[in-house]
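Trainee: no FASTA, just this:
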């Protein structure tokens, strides 16, 4: 009788470990899937940028530095995105992606600010269409980033709960890194409006 009770306890423990392990695998796959949605939108954004640069080139002949900065920032962001795609939970990869995306956003911001100085460029139909597509893509990236961060948070919480933390440690389920906003603290401040 004692052997049956001990066997029952061992079976219950094994089943609990299996359930926890499978739950952690599910959570990890959810955040990896969520990152793939970000990756799709980032690729769309990266594909739009060369078209934008081509449209702008004809108008901004004297702004070569800005155009080169956009191209360099785009290439850096593409490389960081590839690295992050390989392991979306890696803190180093996420940090590099955040930094590269911040540089790209800053370079695009400077490009759009300069484009304001060129009335013909502002009125160009291709330029307006590309700006609209980039704006739409930025919104999609924001939504995908939120879904990814939610999935990472759920995974990290599940990973840190007891007894899950024991199983996570045994099977090397490491903490996943959130993908933070690329906005600077100045950009996050609400604009002051006075009448």
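Mentor: That came in fine, so what should we check first? For clarity, every value in this text was computed on a predicted model and none was experimentally measured. Residues are numbered from 1 along each chain as shown.

Trainee: for the rest of this, base every contact and every neighbour count on C-alpha atoms.
Mentor: Fine.

Trainee: measure stretch 162-178 end to end?
Mentor: 22 Å (CA to CA, to the nearest Å).

Trainee: next, the buried residues of that stretch.
Mentor: Neighbour-count burial for stretch 162-178 flags 164, 165, 166, 167, 168, 173, 175, 176, 177, 178 (criterion: 16 or more other CA atoms under 10 Å).

Trainee: out of those residues, who's nearest residue 125?
Mentor: residue 178 (37.5 Å; CA to CA).

Trainee: the helices in this structure, which residues?
Mentor: 2-57, 64-86, 91-115, 119-123, 125-160, 164-170, 185-188 (DSSP state H).

Trainee: take those and write them to a markdown table, including mean pLDDT.
Mentor: Formatted as a markdown table, the helices of the chain follow (pLDDT from 0 to 100):
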| stretch | mean pLDDT |
| --- | --- |
| helix 2-57 | 92 |
| helix 64-86 | 90 |
| helix 91-115 | 89 |
| helix 119-123 | 76 |
| helix 125-160 | 90 |
| helix 164-170 | 94 |
| helix 185-188 | 49 |
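
Trainee: list the contacts of residue 42.
Mentor: 81, 141 (CA atoms under 8 Å, 6 or more residues apart in numbering).

Trainee: same check, this time on residue 176
Mentor: 88, 89, 90, 91, 152, 155, 156.

Trainee: tell me the spacing between residue 64 and residue 88.
Mentor: Distance from residue 64 to residue 88, by CA to CA: 34 Å.

Trainee: neighbour count: these two, which is higher?
Mentor: residue 88 (27 against 11; other CA atoms under 10 Å).

Trainee: and that one, what are its phi and psi?
Mentor: phi -60, psi -20 (degrees, to the nearest 10).
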